[in-house]
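Colleague: need coordinates for the below:
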Amino acid sequence: MSSTPSKGRIQSTLRHFLNNEASGGVILMIVAVLAIITANSPFAEAYFHVLHVYVGPLSLQHWINDALMAVFFLLVGLEIKREMLDGQLSTWSRRILPGAAAAGGMLFPALFYVFFNRHDPSALRGWAIPTATDIAFALGVISLFGSRVPASLKIFLAALAIIDDLGAVIVIALFYTADLNLMALAGSAIVLGNLIIFNRMKVKALWPYLVLGAVLWVLVFASGVHATLAGVMLALTIPLKLTPGTPEAPHAESPLHKLEHVLHKPVAFVIVPIFGFANAGVSFAGVTAGVFSEPLTMGVAVGLILGKLIGVLGTVLLLVKLGVADLPAKASWGQMTGVALLCGIGFTMSLFIGLLAFNDTAVQDHVKIGILMGSVAAGTVGSICLTVLGHKPT
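Modeller: Next comes the predicted model:
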């Protein structure tokens, strides 16, 4: 009798996670369109002005990108920790296919970008822009197909995107860190050490972690390491009660599950849409047709479309043919092709990395155009593949 409820809880919680991400993705699509319309409307001047209004020590856009997005990264860190220790990625056999596909899906987009921008050293700083997959956007698109896409493929896409997020966090930490303030960095290390001590002492109350987490954010911000990474550091110290077979333990028993549950809807329906509206707006005033064929724009767009397709699908094909892993249950190669293309929808994290890579507004606009071109094309062609090629397993 105990196994049935456990299985039900697992399926229920997974469905809740996928539905939240998918619904958030649909809202993000709407918000992105609204941002572009606003940036090219009579309200454009007010739109850009408000983003640069200072509220205390930071502009509104910096509060969104550095503070609100730290909460987004906190949720990302919680999901990564839960999945790695007690969820869909808790064993190596489960990690192999989405893990290898995520690695391939980061490598090939970067290679395409570097190829297009090999003659411009300054543009090469943006090599990581097309490597990211937007989990909310991708699941939002795939959710439109309902039961026509097997649950195994949705789980594969979610797992791949979570590992992809981990890769993006590592890339940001290693390659997009400014000059370091050693005193602030030492202070953040001390705070992080105290958070680890709380974890070891099995402190279950969340408020001590959150209070020190706020201090950690301030110190990381001052250190030169991007402040959002404080969210990931905090997440890794939040206690998780391991419950084999029932990773969706009651919230009262697991601080990590409790915090993740609290954050899911605010992040999906408030924080990420605010970030999208504040950063997706690109003015097409003065933009010529030549912009769409510039190396930087093409590097981002082609990296998202072809890079993700070749990296994800090629890796899966190789592992399946070698007998290392199996194709997700009840999935066809046509559906896998569609999902590989959907991985090329790189919005939230791609925009975020683009803002870190370049300070020039004009260059940022070209990056945004590349992201929009690549993401729209990947989503459209991926949807066509799921519609036309996804009916029967081959």
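
Colleague: could you use CA atoms for every contact and neighbour count after this?
Modeller: Fine.

Colleague: please, where are all the strands along this structure?
Modeller: Ranges of strands in the chain, per DSSP state E, are 54-55, 58-59.

Colleague: mind putting those into a markdown table with distance to Gln335 and mean pLDDT?
Modeller: Formatted as a markdown table, these follow (distance: least, C-alpha to C-alpha, whole Å; pLDDT from 0 to 100):
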| stretch | distance to Gln335 | mean pLDDT |
| --- | --- | --- |
| strand 54-55 | 47 | 92 |
| strand 58-59 | 44 | 89 |
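
Colleague: relative to Asp326, which of those is closest?
Modeller: Proximity of the strands of the chain to Asp326 was assessed by C-alpha to C-alpha; the nearest stretch is strand 58-59, lying at 49.1 Å.

Colleague: before we move on, back to that, which one of the strands of the chain is the most hemmed in?
Modeller: strand 58-59 (a mean of 14; mean count of other C-alpha atoms under 10 Å).

Colleague: now it, how far from the chain's geometric center?
Modeller: Mean-position distance between strand 58-59 and its chain equals 24 Å (C-alpha atoms, centre = their mean, to the nearest Å).

Colleague: dump the strands of the chain into JSON lines; add distance to Pro266 as well.
Modeller: Conversion of those to JSON lines gives the following (distance: least, C-alpha to C-alpha, whole Å):
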{"stretch": "strand 54-55", "distance to Pro266": "22"}
{"stretch": "strand 58-59", "distance to Pro266": "22"}
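
Colleague: out of these, nearest to Leu28?
Modeller: That would be strand 58-59 among those, by C-alpha to C-alpha, at 22.7 Å.

Colleague: strand partners (parallel or antiparallel) of the closest one?
Modeller: Strand 58-59 has these partner strands in its sheet, going by DSSP bridges: strand 54-55 (antiparallel).

Colleague: ok, and what's touching the partner strand?
Modeller: Outside of strand 54-55, the residues that reach it under the criterion C-alpha atoms under 8 Å, 6 or more residues apart in numbering are Leu60.

Colleague: can you give me the helices in the stretch 251-394 of the chain?
Modeller: If DSSP state H, counting those that start in this stretch is used as the criterion, the helices of the stretch 251-394 of the chain fall at 255-266, 272-279, 295-302, 308, 314-321, 333-342, 348-357, 361-388.

Colleague: isn't Ile36 right up against Ala278?
Modeller: No. Under the contact definition of C-alpha atoms under 8 Å, Ile36 does not touch Ala278, with a separation of 10.1 Å.

Colleague: who has more neighbours, the two?
Modeller: Taking other C-alpha atoms under 10 Å, Ile36 and Ala278 do not tie; Ala278 has more neighbours (21 against 18).

Colleague: wait, the more buried one sits on Leu51?
Modeller: Yes. In this structure, Ala278 is within contact of Leu51 by C-alpha under 8 Å, at 7.1 Å.

Colleague: and for these two, which residues touch both?
Modeller: Here Ala278 and Leu51 share the contacting residues Gln61, scored by C-alpha under 8 Å, 6+ apart.

Colleague: sorry, back to before: Ile305: which of the strands of the chain is closest?
Modeller: strand 58-59 (33.7 Å).

Colleague: low-confidence stretches in the stretch 101-250 of the chain?
Modeller: Low-confidence regions of the stretch 101-250 of the chain, defined by pLDDT under 70, span residues 178, 243-250.

Colleague: do that again at 90, thanks
Modeller: Confidence mapping of the stretch 101-250 of the chain against pLDDT under 90 gives the ranges 132-170, 172-182, 202, 223-229, 240-250.

Colleague: those helices in it, which residues are they?
Modeller: For the stretch 101-250 of the chain, the helices defined by DSSP H, counting those that start in this stretch occupy 135-143, 151-175, 182-200, 207-223, 229-237.

Colleague: tell me the most buried of the ones you listed?
Modeller: Of all the helices of the stretch 101-250 of the chain, helix 135-143 carries the top mean neighbour count, a mean of 26, counting by mean count of other C-alpha under 10 Å.

Colleague: output that helix as PDB - backbone C-alpha positions only.
Modeller: Listed in PDB are the C-alpha atoms of helix 135-143, where the atom choice follows Å, rounded to 0.1, in the frame of the first residue of the first chain:
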ATOM      1  CA  ILE A 135      13.400  25.900 -19.300                       C
ATOM      2  CA  ALA A 136      10.200  28.000 -18.900                       C
ATOM      3  CA  PHE A 137      10.000  28.900 -22.600                       C
ATOM      4  CA  ALA A 138      10.800  25.400 -23.800                       C
ATOM      5  CA  LEU A 139       8.300  23.700 -21.500                       C
ATOM      6  CA  GLY A 140       5.700  26.400 -22.400                       C
ATOM      7  CA  VAL A 141       6.000  25.400 -26.000                       C
ATOM      8  CA  ILE A 142       6.000  21.700 -25.400                       C
ATOM      9  CA  SER A 143       3.000  21.900 -23.100                       C
END
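
Colleague: contacts for that helix?
Modeller: Surrounding helix 135-143, the residues in contact under the criterion C-alpha under 8 Å, 6+ apart are 18-19, 21-26, 28-29, 149, 154, 157-158, 161-162, 268, 342-343, 345, 347, 379, 383.

Colleague: repeat that for stretch 211-218.
Modeller: Where contact means C-alpha under 8 Å, 6+ apart, the residues beyond stretch 211-218 that reach it are Ser188, Val191, Leu192, Leu195, Ala227, Thr228, Ala230, Gly231, Leu234.

Colleague: for the closest residue to Leu259 other than its chain neighbours, what are phi and psi?
Modeller: Ranked by C-alpha to C-alpha, 6 or more residues apart in numbering and with sequence neighbours excluded, the top spatial neighbour of Leu259 is Leu206, at 7.8 Å. According to degrees, to the nearest 10, the main-chain angles of Leu206 amount to phi -80, psi -30.

Colleague: hmm, Pro255 and Leu206 touching each other?
Modeller: Yes. Here Leu206 lies in contact with Pro255, judged by C-alpha under 8 Å, at a distance of 6.5 Å.

Colleague: comparing these two, which residue is more hemmed in?
Modeller: Pro255 (19 against 14).

Colleague: pretty sure that one is touching Leu240, no?
Modeller: Yes. Because the distance of 6.4 Å satisfies C-alpha under 8 Å, Pro255 is recorded as touching Leu240.
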